[in-house]
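K.L.:
Quick check, what structure comes out for this input:
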Amino acid sequence: MDLSIWIVFVGTALIGISAALVGTFTFLQKKSLIGDAISHSILPGIVLAYMLSGQRNTLILMLGAFIAGWLATQQISWLQRRTKLKSDTIVAATLSIFFAVGLALLSYIQGRPDDGQAGLSDFLFGKIAALNVEDLYLFLIVSVLIIAVTFFRYKVMFSFAFNKEFMISKGFSLKWNDFLLNAMTILVVAMGVQAVGVVLMSALLIIPVLTARMLTYRLKSLITLSLLFGTASSLLGSYISILGKNIPTGPCIILVLSLGAISVALFLRIPFKTKKG
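P.N.:
This is a model prediction of the structure:
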């Protein structure tokens, strides 16, 4: 098999694993919409990073994406503290503003005669084939970091999801917990937009755990099934994208994920009869 195909599959698997892990705890802590806000909000960071550096370097673009995503989370937190607006309203407004700025900057680059978009439009819907070996190493570092944080703190994050007041009374910091979860979400989104795109990245965080949640109530089983659905769907979706012509990676992955979720939902509604005696 060609090296570029292996890069695509390994990169997609790393994204699927990381997204499933982070998505599980954003789901449990009822912060799934934060992932949606971050995925749309990082676009201006990516474009500005390219405009300032003049190159389409993955590390630089991820750094720009991280800064933009962090600013978005800070804006959401500030508005939640200082206004009486509901959380969903604040999240919707934030992602709309940041995404609009990103699209405006992308249109500006498109009109420049020197370098056009430099492939930045691929970040809208994803193009995993653009990855190289250096990108894969970067993805591996981010994935290992996320797995390590999840492994050492999964009981704390799980407890915060179901008994926040008790954890605070025991001396655990809610701000530190939110900081880690937001940081991991931003890292996953910044890593995954190359494969899935800013428009659909939030679905990769939500749908695997949503599908797993229909099958189990236990945390370990929830994480295991989320990893299975997220990784398998990412691999299958990217494979379909490679086989097809001019098919963006992101929509393929999310379509496979959605079909899996629908299949599980329909399966659970089928009445099974058992024989008596």
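
K.L.:
Is the residue nearest in space to the middle of the chain in a helix, a strand, or coil?
P.N.:
Nearest to the geometric centre of the chain sits Val189, at 4.0 Å (Cα atoms, centre = their mean). Of the three states, Val189 takes helix according to DSSP: H, G, I helix; E, B strand; the rest coil.

K.L.:
Now do it, the pLDDT please.
P.N.:
Among the per-residue scores, Val189 holds a pLDDT of 89.

K.L.:
Now that it has come up, it's in contact with His40, right?
P.N.:
No - using Cβ atoms under 8 Å, Val189 is not in contact with His40; the gap is 9.4 Å. Every C-beta, even on glycine, is put in place using the N, C-alpha and C of the backbone.

K.L.:
Overlap in contacts, the two.
P.N.:
Each of Val198, Ser202 lies in contact with both Val189 and His40 under the rule Cβ atoms under 8 Å, 6 or more residues apart in numbering.

K.L.:
circling back to that earlier point, how close does the residue nearest to the centre of the chain sit to Ala161?
P.N.:
According to Cβ to Cβ, to the nearest Å, Val189 stands 20 Å off from Ala161.

K.L.:
what do you get for Ser107?
P.N.:
To Ala161, Ser107 is 40 Å away according to Cβ to Cβ.

K.L.:
So which of those two has more stuff around it?
P.N.:
Legend: neighbour count by other Cβ atoms under 10 Å for Ser107 and Ala161, higher for Ala161 (19 against 11).

K.L.:
Quick one: mean pLDDT over the strand or helix carrying the more buried one.
P.N.:
If you go by DSSP states H and E, Ala161 is part of helix 133-162. Mean pLDDT, computed over helix 133-162, is 86.

K.L.:
what's the answer for stretch 249-269, then?
P.N.:
On average, the pLDDT along stretch 249-269 is 87.

K.L.:
Now do the buried residues in that stretch.
P.N.:
For stretch 249-269, burial by neighbour count (16 or more other Cβ atoms under 10 Å) applies to Thr249, Gly250, Pro251, Cys252, Ile253, Ile254, Leu255, Val256, Leu257, Gly260, Ala261, Val264.

K.L.:
so which of those residues comes closest to Val101?
P.N.:
Closest approach between those and Val101, by Cβ to Cβ: Gly250, at 20.9 Å.

K.L.:
Does Tyr50 touch Leu61 like I think?
P.N.:
Yes - counting by Cβ under 8 Å, Tyr50 touches Leu61, with 6.4 Å between them.

K.L.:
Least confident secondary structure element in the protein?
P.N.:
In the chain, no helix or strand scores lower on mean pLDDT, DSSP states H and E than helix 122-125, which sits at a mean of 71.

K.L.:
Now that helix - C-alpha only, CSV.
P.N.:
Taking C-alpha atoms only, helix 122-125 is exported to CSV below (Å, rounded to 0.1, in the frame of the first residue of the first chain):
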residue,chain,number,x,y,z
ASP,A,122,-9.9,22.5,2.4
PHE,A,123,-10.4,23.4,6.1
LEU,A,124,-14.1,24.0,5.5
PHE,A,125,-15.0,20.4,4.6
